[in-house]
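1. fold the following and give me the result.
(3 chains)
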Amino acid sequence: MSYNPLYQRIWKTVNAIPVGYVSSYGKIADFAGLPGKARMVGKSLGYVPKELQVNWHRVLRSNGQLAFPKGSELALKQTGLLQEEGVAVLNNRVRMKEFEWHPDLATMLQGFEY
DNA sequence: TCCTTGACATTTT
DNA sequence: TAAAATGCCAAGG
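-> Now for the predicted structure:
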């Protein structure tokens, strides 16, 4: 079931992250109305149709670390994209204290009401 | 059922 | 002390 309304909601929530900010899988899951389903978010990002544009590179782990191994090319790509957007990435790690996305209520409601 | 992926806790620097 | 790295556990496809 790759074409699931839940997935679309997750992708929508991910795309709601503004440039220059990042969020965690857990937060995305929460914002998407799927508390505790962070793994589903990670899986869904892997099932995103290539024709859709999803800001997967703005989604990190709860502790700010990238979800890919440091040597992975995806990780390097993600790092590059984030840095281009103004997010400092050091050792596959992002300062959540500085770059964590603080969504407003309206944004969250958009995800819930989708 | 097994594999992949994220969170949380603990330990190290 | 605080921040970062590693390991273990749980959930979903």
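2. C-alpha from now on. contacts and neighbour counts both.
-> Fine.
3. what does chain A put close to DNA strand B?
-> Selection of chain A residues close to DNA strand B by Cα under 7 Å from any atom of the strand yields A:24-27, A:36, A:38-43, A:60-63, A:67-68.
4. if we check DNA strand C, which of these are in contact?
-> Near DNA strand C, judged by Cα under 7 Å from any atom of the strand, the entries from the residues of chain A next to DNA strand B are A:36, A:39-40, A:43.
5. list phi and psi for A:V94.
-> Here is the backbone geometry of A:V94 (degrees, to the nearest 10): phi -120, psi 140.
6. just the buried residues out of the residues of chain A next to DNA strand B, in PyMOL syntax.
-> Buried residues among the residues of chain A next to DNA strand B (16 or more other Cα atoms under 10 Å), as a PyMOL selection:
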select buried, chain A and resi 24+25+26+27+38+40+41+42+60+61+67
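7. in strands, which of the residues of chain A next to DNA strand B appear?
-> In strands, defined here by DSSP state E, the members of the residues of chain A next to DNA strand B are A:24, A:60.
8. for A:V22, grab the count of nearby residues.
-> Counted by other Cα atoms under 10 Å, the residues lying close to A:V22 total 26.
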